[in-house]
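Colleague: Compute the structure for the input listed below.
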Amino acid sequence: MDGLTIRAFSACDPAEVRAVCSLIERCLPHERVTEFEFARRVLNDPNLAPATTLVAVFDDRVIGFVHSIHRSVPVDGSEVLGADKGYVVLLCVDPQFRRKGVGKKLLDSAEKALAQAG
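Modeller: Just a heads-up that it's a prediction; the model follows:
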């Protein structure tokens, strides 16, 4: 898809956070994703890494999102399980842009970033 850019998610940009929340709601219509809930689940994850949380942008619009992590910090005080593995936590593509290779490009980029992270 010409004009598609995959880049790191800008967690400090409120407009981009809103765009991703809106995207998630379009992709998962039964999930109510407020900015607060997104911050709690994604932005406050101690394993969040900018290099492995990516957006797909087309025509200055966020049309895809992948949140992948390399778990290096224990969650809820438990030991780190699978510290040698990467995980895709969430992958969303705007319904209008599905079946155009956007998801594949996001997943390929996330896998590459996870491999580089170790």
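Colleague: Quick check: phi and psi at Thr93.
Modeller: Let me fix one detail, which is that residue 93 is Val and not Thr. phi -130, psi 130 (degrees, to the nearest 10).
Colleague: And for Ala110?
Modeller: phi -60, psi -40.
Colleague: quick one: contacts for it?
Modeller: Counting by C-beta atoms under 8 Å, 6 or more residues apart in numbering, Ala110 touches 52, 54, 66, 68, 86, 88, 91. The way it works is simple: take the backbone N, C-alpha and C, and place the C-beta from them, glycine included.
Colleague: which of those has the weakest pLDDT?
Modeller: The lowest pLDDT within the contacts of Ala110 belongs to Gly86, with 80.
Colleague: how close does that residue sit to Arg26?
Modeller: According to C-beta to C-beta, to the nearest Å, Gly86 stands 26 Å off from Arg26.
Colleague: For these two, indicate the residue with more neighbours.
Modeller: Gly86 (17 against 13; other C-beta atoms under 10 Å).
Colleague: shouldn't that one be in contact with Val66?
Modeller: No - the criterion here is C-beta atoms under 8 Å, and Gly86 misses it with Val66 at 11.3 Å.
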